[in-house]
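>>> Below is the sequence, then the predicted model.
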Protein chains: 2
Amino acid sequence: MSLPTTYDALMAHERETQALARIAGRLGWDQETVMPRGAAGQRAEESGAMESVLHARRTSPQVGEWLEQAVAPDEDGAAQLRLIRRSYDRAVKVPSELAAALARLTSRSQGIWAEARANDDVAAFLPTLAEVVKLRREEAAALAEGGDLYDALVDDFEPNGKAAEFARIFDEMRPGLVALRERALTAAPVAPLSASFDMNKQMVLGQELARTFGYDLTRGRIDRAVHPFSSGSGDDVRITTRTVEDDPFNCVYSTIHEVGHACYEQGIDKAFLLTPAGQGVSMGVHESQSRIYENQLGRSRAFCGYLYGRMRDVFGDFGVADEDAFYALVNRVHRGYIRTEADEVQYNLHIMLRFDLERALFSDDLQVEDLEVAWNDRFKSDFGYDVDRPSHGVLQDVHWSVGLFGYFPTYSLGNVYAGCLHEALRRDVPQLDDQLAKGDLSAATGWLNERVQRHGGRFEPKDVITRACGAAPSAAPLMSYLETKFGALAGG
Amino acid sequence: MSLPTTYDALMAHERETQALARIAGRLGWDQETVMPRGAAGQRAEESGAMESVLHARRTSPQVGEWLEQAVAPDEDGAAQLRLIRRSYDRAVKVPSELAAALARLTSRSQGIWAEARANDDVAAFLPTLAEVVKLRREEAAALAEGGDLYDALVDDFEPNGKAAEFARIFDEMRPGLVALRERALTAAPVAPLSASFDMNKQMVLGQELARTFGYDLTRGRIDRAVHPFSSGSGDDVRITTRTVEDDPFNCVYSTIHEVGHACYEQGIDKAFLLTPAGQGVSMGVHESQSRIYENQLGRSRAFCGYLYGRMRDVFGDFGVADEDAFYALVNRVHRGYIRTEADEVQYNLHIMLRFDLERALFSDDLQVEDLEVAWNDRFKSDFGYDVDRPSHGVLQDVHWSVGLFGYFPTYSLGNVYAGCLHEALRRDVPQLDDQLAKGDLSAATGWLNERVQRHGGRFEPKDVITRACGAAPSAAPLMSYLETKFGALAGG
């Protein structure tokens, strides 16, 4: 038996930190699903106490000393050390007072935003938003150490992600997307559903689809929540969904989307359980999984044929004539203001708008007081019509109110990655459509697990995609997929 | 503005510790209600990490220093300091290695017990039990510092509770209970229910009864679990119940019992939220609340009249002729081996048996290998017939397997306290039965809140009862209540 090394000591400490972080995450799940509403005040203190324990562990000088001396036993160990170092360096760079001020502000600012949105009152939110931007800018300055402020923010969600590179990709996509949007919207409109769908049956179907897409319900569960989300890592990964009586696709595709996230977390190599590498490596890679599950697989013509049959079994005749009509319905492109309700074509335009605006805010090219005008101008230019009210525009998303700048681009990055993975998957699994048509997702999800999910934090985010696809990621596969699919749907 | 005092610093630290303890408690709730079964291994590590954080905080030398210098600002502050000192002294007395060894052993021993019980195999459990006793004895020795070992164990559940005093009370009760048991069992037997009761309707009725007894569901929730329990303090106090298709009283009285515990926690003065005094003061006082809700109120003739009507509304005719028959059924005394299924008369006999045996184990008058024989002899002597198998005898309870020695007597102490409180309540609220007959519990629960619940940890446990009743607790009120009630039911 050999003596424990510095690496072992560090990893033992990290294992406990990870276990505590899992508990903190589950507190969030509890809050959104089962917490009694009268417990909110007490919960805020509980969460604060947990964060302070985690902060102390993450900034512990002992971790710094261990990091100086630890020697990784192998490549996976080197990845662990890299991740611990990232987390430690980030944590110690931000002064505690600033971190505390940000926590205080953002716990308050979300409520102010929610009220402003409810009242369509931008002016009521802007002073708070200006404070949030100011503090996040200070934080970014502490993190960036002279580098790009916005990149420092991006780094929290997409390690080593660079805004300039995102911008290059997005700018390349944008004209094509605007054109495709025009084309889709001038085609014959697809009528929405006009039937009623039992909400308990929707949940049962959601459970079935979750299993179909490989979600292990012995290590997870599905509950209802206002906003669907996935939570947890390893052997306890829970998702939520929602049901809307006249729109079963809300439940169906929210579920499949969250199952994509959950399968990523559940599918990471067992050896990484409760270690820094035991989680999805970035928001972009995470979103690539949820998006490919939801869109490239779940909204494919082949799978829609299967799903149409299952929905007829469950709900009876719901007024959709055949598989093709069902496929057109599921991929319906229509005008709308709201990002979360957008289709595959328009979604990325929503993101690019936000990305460019927040980048401008942090490069000082845009002031908070000019944000609404800038939003509305850009919306008109990309979508072709005017925003009718702030809650349909600059006030629609929660992100900025809680300081989440640098997060939005990872949604589109995820779509780009999903496009790359889909292209490679089709190449490697030529009979994919035959399987999807039978509701057999095993080849697709097996490929994604093998190529992406099991690695957790083993590689840098972009390297995960490059290794999986055999080529560096680019927007071309996604654009080609969208143009083919929505061109055909528009009657091209 | 005055500078923060040492007391303030200590209380701020304690507040965070309490918040973390609430999180640890909620992990337990999660595990018993919603946790995916495949998460058990990960959960064990999470709980271990949380315990180690709490242990470090509770034994922190900084707390010791603060305690030496802190000056309480008022009487409530003095109570807080007393509680913090208790916790600190207890925590630092036990060597960490012993605490860790006990945690390791008891996490393993519960499974060994469960398997032994399933196989009715005492021999498979005894070596493990002997280890548990050995380590708990070492712990007791560290805590007792020369004092009584068993009292040191009791102290965890009933601060300052003394086994000799419990024994005096119990020995005084036992002959009367044995006689009352005889009398009840020679009376004409009451037939059990033989109908089926929709389990969802049982849950709906349970929710209604919970509200009737004053449970605030905006700060709580009811779920199903294998073993009913109450969990949490302050503004997030959750209970569980269970449903059995042919026995609606299981759900009804489990719910009312747990509501008693929950109302205690919910009813503590707001000023004590997330402080050491913000929890029920002892297991005995806790059980006094659950028992008086369940038994003296919930199984009273007056409330049974109301409940009979509600159950007829919910379930229709279930084969019970009238209120009197219903009352007799709810208070049916019959032979049985299992403590948790025992009626008000026999329950305390079960406890006294366990109390005397575990006291003997810790005074070395009884060896683990002789435990089964001792159990069976005592059972025969108090209950009048032989134990037919170990799972109906010495293997029936989980407590000993996880090292919970000193816990059992608090159940009967709770009954004794409930008897005292009930007598005082009847004296102060002469129209109680008129209200119970209408399903109006407000006077009873208001009295209990005012006299007991709101004080949390403000007073020593026994003082809570003495103040509430205007006299020191004794067994006489309980015995008088039981003899009157069950004497009449037995046709005397």
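Great, that's in hand.
>>> tell me the pLDDT at A:S107?
At A:S107, the model reports a pLDDT of 81.
>>> what's the nearest residue to it if we skip its chain neighbours?
Computed as CB to CB, 6 or more residues apart in numbering or on different chains, the closest residue to A:S107 that is not its neighbour in sequence is A:A44, at 6.6 Å. Any C-beta I mention is one placed from the backbone N, CA and C, and that applies to glycine too.
>>> Kindly report the same for A:G206.
Setting aside the residues directly before and after it, A:G206 is nearest to A:T255 in space (CB to CB, 6+ apart), at 4.1 Å.
>>> In terms of secondary structure, what does the helix or strand containing A:I351 contact?
In the assignment (DSSP states H and E), A:I351 maps to helix A:344-362. The helices and strands touching helix A:344-362, judged by 3 or more CB pairs under 8 Å, 6 or more residues apart in numbering or on different chains; DSSP states H and E, are helix A:122-144, helix A:149-157, helix A:163-186, helix A:371-383, helix A:408-428, helix A:476-489.
>>> ok, and the closest non-adjacent residue to the closest residue to chain B within the stretch 251-400 of chain A?
Using CB to the nearest CB, A:L274 is the residue of the stretch 251-400 of chain A that sits closest to chain B, at 6.0 Å. Spatial nearest neighbour of A:L274, excluding adjacent residues (CB to CB, 6+ apart): A:Q18 at 4.5 Å.
>>> what's the burial count for the one you found?
Residues contacting A:Q18 under the criterion other CB atoms under 10 Å in any protein chain shown number 25.
>>> Output the set of residues of chain A in proximity to chain B.
By CB under 8 Å from any CB of the partner chain, the part of chain A that sits against chain B consists of A:15-17, A:19-20, A:22-23, A:26-27, A:30, A:34-39, A:41-43, A:45-46, A:48-50, A:52-53, A:216-221, A:234-236, A:238, A:273-274.
>>> the domain parsing of chain A - what is it?
A:1-93, A:106-492 (automatic domain parsing).
>>> Can I get these in CSV including distance to B:N119?
Converted to CSV, those look like this (distance: least, CB to CB, whole Å):
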stretch, distance to B:N119
domain A:1-93, 34
domain A:106-492, 26
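>>> Which of the three states applies to the residue nearest to A:S107?
Using DSSP: H, G, I helix; E, B strand; the rest coil, the structure places A:A44 in helix.
>>> confidence score at it?
90.
>>> how near is it to B:D216?
Distance of A:A44 to B:D216, computed by CB to CB, to the nearest Å: 19 Å.
>>> higher neighbour count, those two?
B:D216 (16 against 13).
>>> Pretty sure the more buried one sits against B:Q266.
Yes - the pair B:D216 / B:Q266 is scored as a contact, 5.4 Å apart, by CB atoms under 8 Å.
>>> In chain A, spot the helix with the most residues.
helix A:6-33 (DSSP state H).
>>> In that one, which residues are buried?
Residues A:7, A:10-11, A:13-27, A:29-33 are the ones in helix A:6-33 that count as buried (16 or more other CB atoms under 10 Å in any protein chain shown).
>>> Likewise for stretch A:328-346?
Across stretch A:328-346, burial judged by 16+ other CB under 10 Å covers A:328-333, A:337, A:339, A:342-346.
>>> Hey, what's the angle from the helix or strand where A:A302 lies to helix A:476-489? Just curious.
Per DSSP H and E, A:A302 falls inside helix A:301-315. Calculated by axes from the mean of the first three to the mean of the last three CA atoms, to 10 degrees, helix A:301-315 forms an angle of 60 degrees with helix A:476-489.
>>> Extract the C-alpha trace of helix A:301-315 and format it as CSV.
C-alpha atoms of helix A:301-315 as CSV (Å, rounded to 0.1, in the frame of the first residue of the first chain):
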residue,chain,number,x,y,z
ARG,A,301,-39.2,13.5,-40.1
ALA,A,302,-38.5,9.9,-39.2
PHE,A,303,-39.1,10.3,-35.5
CYS,A,304,-42.1,12.5,-36.1
GLY,A,305,-43.7,9.5,-37.9
TYR,A,306,-43.2,7.4,-34.8
LEU,A,307,-44.4,10.2,-32.4
TYR,A,308,-47.5,10.8,-34.5
GLY,A,309,-48.5,7.2,-34.0
ARG,A,310,-47.8,7.3,-30.3
MET,A,311,-49.8,10.5,-29.8
ARG,A,312,-52.7,9.0,-31.8
ASP,A,313,-52.5,6.0,-29.5
VAL,A,314,-52.6,8.2,-26.4
PHE,A,315,-54.9,11.0,-27.4
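>>> For that helix, enumerate the helices and strands it packs against.
Against helix A:301-315 (3+ CB pairs under 8 Å, 6+ apart) you get helix A:199-212, helix A:248-266, helix A:323-330, helix A:432-437.
>>> From the contact counts, what lies against the third one?
For helix A:323-330, the contact count by 3+ CB pairs under 8 Å, 6+ apart identifies helix A:301-315 as packing neighbours.
>>> buried ones in the helix it packs on?
A:R301, A:A302, A:F303, A:C304, A:G305, A:Y306, A:L307, A:Y308, A:M311, A:V314, A:F315.
>>> In this structure the last one contacts A:D198, no?
Yes - the pair A:F315 / A:D198 is scored as a contact, 7.3 Å apart, by CB under 8 Å.
>>> Burial check on the residue of the stretch 351-492 of chain A at minimum distance from chain B, number of neighbours?
Per CB to the nearest CB, A:G456 is where the stretch 351-492 of chain A lies closest to chain B, at 14.7 Å. For A:G456, the tally of surrounding residues (other CB under 10 Å) stands at 29.
>>> And for A:V244?
Quick note: A:V244 (other CB under 10 Å) scores 13 neighbours.
>>> same check, this time on the one 4 residues further on
Residues near A:P248, counting by other CB under 10 Å, number 24.
>>> again, but for A:D317
A count of neighbours around A:D317, defined by other CB under 10 Å, yields 8.
>>> what's the answer for the one 10 residues further on, then?
Residue neighbour count, defined by other CB under 10 Å, stands at 22 for A:Y327.
>>> contacting residues around the residue lying closest to it once chain neighbours are set aside?
With CB to CB, 6+ apart as the criterion, A:Y327 has its nearest non-adjacent residue at 4.2 Å, and that residue is A:C304. When contacts are counted by CB atoms under 8 Å, 6 or more residues apart in numbering or on different chains, A:C304 touches A:E323, A:F326, A:Y327, A:V330.
>>> TSV for the residues you listed, including pLDDT?
As requested, those are exported to TSV (pLDDT from 0 to 100):
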residue	pLDDT
A:E323	98
A:F326	98
A:Y327	98
A:V330	97
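>>> re the thing from before, which single one of the buried residues of stretch A:328-346 is nearest to B:E165?
Closest approach between these and B:E165, by CB to CB: A:R339, at 67.8 Å.
>>> Let me see the contact set for that closest one.
A:R339 makes contacts with A:Y347, A:H350, A:I351, A:R354, A:Q396, A:D397, as judged by CB under 8 Å, 6+ apart.
>>> switch the cut-off to 10 Å
By CB atoms under 10 Å, 6 or more residues apart in numbering or on different chains, the contact set of A:R339 is A:Q346, A:Y347, A:L349, A:H350, A:I351, A:L353, A:R354, A:Q396, A:D397, A:F408, A:Y411.
>>> next one: A:G234
A:18-19, A:22, A:219, A:265-266, A:268, A:270, A:272-275, A:278-279, A:456, B:38-39, B:41-42, B:45-46.
>>> Measure how the lowest-mean-pLDDT helix or strand in chain A sits relative to helix A:122-144, angle-wise.
One helix or strand of chain A scores below all others by mean pLDDT, DSSP states H and E: helix A:96-118, with a mean of 91. Helix A:96-118 runs at 150 degrees relative to helix A:122-144, counting by the same axes, to 10 degrees.
>>> Show me what helix A:96-118 packs onto, helices and strands only.
Counting contacts by 3 or more CB pairs under 10 Å, 6 or more residues apart in numbering or on different chains; DSSP states H and E, helix A:96-118 packs against helix A:40-58, helix A:122-144.
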